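Q: Following is a predicted model, sequence given first.
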Amino acid sequence: MAEATARRVDALLVPGDLFDGEEADVETVNRAVECVRAAGCPPVFIAPGNHDCYSRASTYYDNAKLAARHQPVWPAHVHIFTSPEFASAELSGRPEVRVWGRCVDANVESDDRVLARAPRPGPGLAHVLLLHGSRDGFLAPGKRLTAPFSDAELLAAGFDYAALGHYHEPAEVRDGRGRLRAAYAGSPAALARDETGPHGALLVRLTVDASAAAPEARGLAVETEPVPLDERRLLAVTADLAGAGSPEAVRERVLAALAAAGATPRDLAVARLTGRVRPGVDLAPRAEDFAERVWCLLADVSELRPDYDLESYRRGEPRTTEERFARSLLAEIDDERDPARRAELESALYYGLDALKQGRVAPRYEWGLE
């Protein structure tokens with residue numbers, strides 16, 4: 001909010017997922033309302049997404065429900081789109097601008113191509129759209145399909161600019177003349193361990209000669225400026241632990257990888273550990289050992305393996321339980337073509353050998369250490 005008031009923007013556009021579920025704790029909701037009630041806050045437009053969908057189960061976008069719970073309510077300059085059908089709203093102080101949006105009303109998989117029923121904006125005004133949806137061709141694995149659209153559909157809808165939500169990475173949509181017509185700002189901060197790179201908001205400068213009916217014929221200019229909102233970065237580093245025989249050696253190699261990445265004490269880091277290490281030695285680093293270098297460290301040990309002689313189990317006739325177990329798993333691994341299933345079998349092999357050879361099993365071949 002401080003950035004918005006300092007830059008004297010005309011509006012704040014929130015294309016969904018302000019909250020991360022249909023219910024949010026009281027402190028989080030109160031803090032969000034407190035921010036937009038701050039002095040100098042510009043008009044705010046919110047188009048609820050799939051995570052913060054506007055449904056009968058949600059309470060935080062309903063002033064009547066908030067008041068009944070004795071919580072602060074959204075002020076009048078906050079406009080929340082509460083219908084799954086497109087609607088428009090005026091922008092206070094800028095009568096030449098109309099802001100359009102809709103809400104997602106259920107956090108479920110949806111292939112409803114909602115732009116097909118969007119009203120065609122008319123001439124004489126600049127039209128800005130808030131759309132929470134999945135851009136065709138960019139849906140990440142595990143990401144829920146929501147109000148999908150193609151670039152062609154978005155451009156044909158006739159809006160001068162669209163603020164897009166749902167994807168966590170910044171992205172742009174340009175028309176045939178190379179003009180910027182829509183953008184995902186991405187998430188304000190990294191929300192998953194693979195979301196490295198800058199995160200924040202977008203400052204959008206929109207100039208429109210609205211006299212022409214279609215955006216293609218207008219004197220349209222859109223400029224965006226990334227505005228970082230989280231001083232912490234999420235870094236991904238790799239440390240090869242092959243030959244490391246002690247926790248001290250592991251720490252030195254991870255520290256070297258962090259230093260090479262330019263890590264600072266305010267950053268978060270995901271350390272991918274690779275290589276074969278001496279069996280029976282737990283070399284997974286502890287996050288507290290790196291507090292002077294990074295704010296938080298996650299160790300990906302899924303590729304770290306004990307240096308067992310697997311080829312020896314392929315030779316000769318298996319005689320012991322250990323040999324029969326290893327030979328059986330190795331045969332399954334050799335025949336498996338699905339990478340995910342193959343990784344599961346490899347983990348099972350090493351866990352089994354740990355149990356048989358070391359007499360103990362500890363979680364070490366998956367994510368989970370912080």
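A: Received the coordinates, thanks. In this text the structure is predicted, and so the values were computed from the model without any measurement.
Q: which SS state does the residue positioned nearest the centre of the chain fall under?
A: In the chain, the C-alpha nearest the mean C-alpha coordinate belongs to H168, at 3.8 Å (CA atoms, centre = their mean). Using DSSP: H, G, I helix; E, B strand; the rest coil, the structure places H168 in coil.
Q: so what's the closest residue to it other than its chain neighbours scoring on pLDDT?
A: Distances taken as CB to CB, 6 or more residues apart in numbering put S187 closest to H168, at 4.2 Å, once the chain neighbours are dropped. For every residue, glycine as well, the C-beta is placed using N, CA and C. Looking at S187, its pLDDT stands at 90.
Q: Next: A210.
A: At A210, the model reports a pLDDT of 66.
Q: Burial check on A32, number of neighbours?
A: Burial of A32 is recorded as 19 neighbouring residues (other CB atoms under 10 Å).
Q: ok, back up a step: list the contacts for the residue nearest to the centre of the chain?
A: By CB atoms under 8 Å, 6 or more residues apart in numbering, the contact set of H168 is G186, S187, L191, A192, E195, H199.
Q: Tell me how many other residues surround the first one.
A: To tie it back to what came earlier, the one meant is G186. G186: 23 neighbours (other CB under 10 Å).
Q: any weak-confidence spans in the stretch 201-350 of the chain?
A: 210-218, 281-283 (pLDDT under 70).
Q: how about the strands of it, start to end?
A: Ranges of strands within the stretch 201-350 of the chain are 219-228, 234-240, 268-277, 296-306, based on DSSP state E, counting those that start in this stretch.
Q: could you say what helices and strands the shortest one packs with?
A: Contacts of strand 234-240 with other secondary structure elements, assessed using 3 or more CB pairs under 8 Å, 6 or more residues apart in numbering; DSSP states H and E, are made with helix 247-260, strand 268-277.
Q: okay, these, which one's buried deepest?
A: Compared across the helices and strands packed on strand 234-240, strand 268-277 shows the largest average neighbour count, a mean of 20 (mean count of other CB atoms under 10 Å).
Q: packing partners for it?
A: strand 234-240, helix 247-260, strand 296-306.
Q: Which residues outside the shortest one are in contact with it?
A: For strand 234-240, the external contacting residues (CB under 8 Å, 6+ apart) are 190, 193-197, 250, 253-254, 256-258, 260-263, 267-275, 294.
Q: Pull that strand out as PDB, backbone CA atoms only.
A: Only the C-alpha atoms of strand 234-240 are listed here, as PDB (Å, rounded to 0.1, in the frame of the first residue of the first chain):
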ATOM      1  CA  LEU A 234      14.300 -17.500  -3.500                       C
ATOM      2  CA  LEU A 235      17.500 -19.000  -4.800                       C
ATOM      3  CA  ALA A 236      18.100 -22.500  -6.200                       C
ATOM      4  CA  VAL A 237      21.600 -23.900  -5.800                       C
ATOM      5  CA  THR A 238      23.200 -27.300  -6.400                       C
ATOM      6  CA  ALA A 239      25.900 -28.900  -4.300                       C
ATOM      7  CA  ASP A 240      27.700 -32.100  -5.300                       C
END
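Q: buried stuff in it?
A: Buried residues in strand 234-240, counted by 16 or more other CB atoms under 10 Å: L234, L235, A236, V237, A239.
Q: Now distance to Q358 too, for these, in JSON lines please.
A: Output for the buried residues of strand 234-240, formatted as JSON lines (distance: CB to CB, whole Å):
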{"residue": "L234", "distance to Q358": "34"}
{"residue": "L235", "distance to Q358": "33"}
{"residue": "A236", "distance to Q358": "31"}
{"residue": "V237", "distance to Q358": "29"}
{"residue": "A239", "distance to Q358": "23"}
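Q: I'd guessed L91 sits against V44; true?
A: No: using CB atoms under 8 Å, L91 makes no contact with V44, being 10.8 Å away.
Q: Can you check which residues contact both of these two?
A: Counting by CB under 8 Å, 6+ apart, the contacts common to L91 and V44 are A11.
Q: Pick out whichever of the buried residues of strand 234-240 sits closest to N50.
A: Among the buried residues of strand 234-240, L234 lies closest to N50 (CB to CB), at 23.1 Å.
Q: and the gap between the closest one and E3?
A: The gap separating L234 from E3 is 21 Å, by CB to CB, to the nearest Å.
Q: could I get the helices and strands packed on strand 268-277 as TSV with distance to E153?
A: Formatted as TSV, these follow (distance: least, CB to CB, whole Å):
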stretch	distance to E153
strand 234-240	32
helix 247-260	44
strand 296-306	38
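Q: mind checking which of these is nearest G176?
A: Closest among the helices and strands packed on strand 268-277, using CB to CB: strand 234-240, at 35.5 Å.
Q: mind checking how far the closest one is from the chain centre?
A: Chain-centre distance of strand 234-240: 19 Å, with CA atoms, centre = their mean, to the nearest Å.
Q: And stretch 132-140, by the same measure?
A: Stretch 132-140 sits 13 Å away from the centroid of its parent chain (CA atoms, centre = their mean).
Q: Show me which positions of that stretch end up buried.
A: For stretch 132-140, a neighbour-count test (16+ other CB under 10 Å) marks H132, G133, S134, R135 as buried.
Q: Stretch 310-325 too?
A: In stretch 310-325, counting by 16+ other CB under 10 Å, buried: Y313, E323, F325.
Q: Make TSV out of those and add distance to F86.
A: As requested, those are exported to TSV (distance: CB to CB, whole Å):
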residue	distance to F86
Y313	63
E323	67
F325	61
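Q: Which members of these occur in helices, if any?
A: Residues of the buried residues of stretch 310-325 located in helices (DSSP state H): Y313, E323, F325.
Q: Go ahead and confirm the last one touches G352.
A: Which is F325. Yes: if you go by CB under 8 Å, F325 and G352 touch, sitting 5.5 Å apart.
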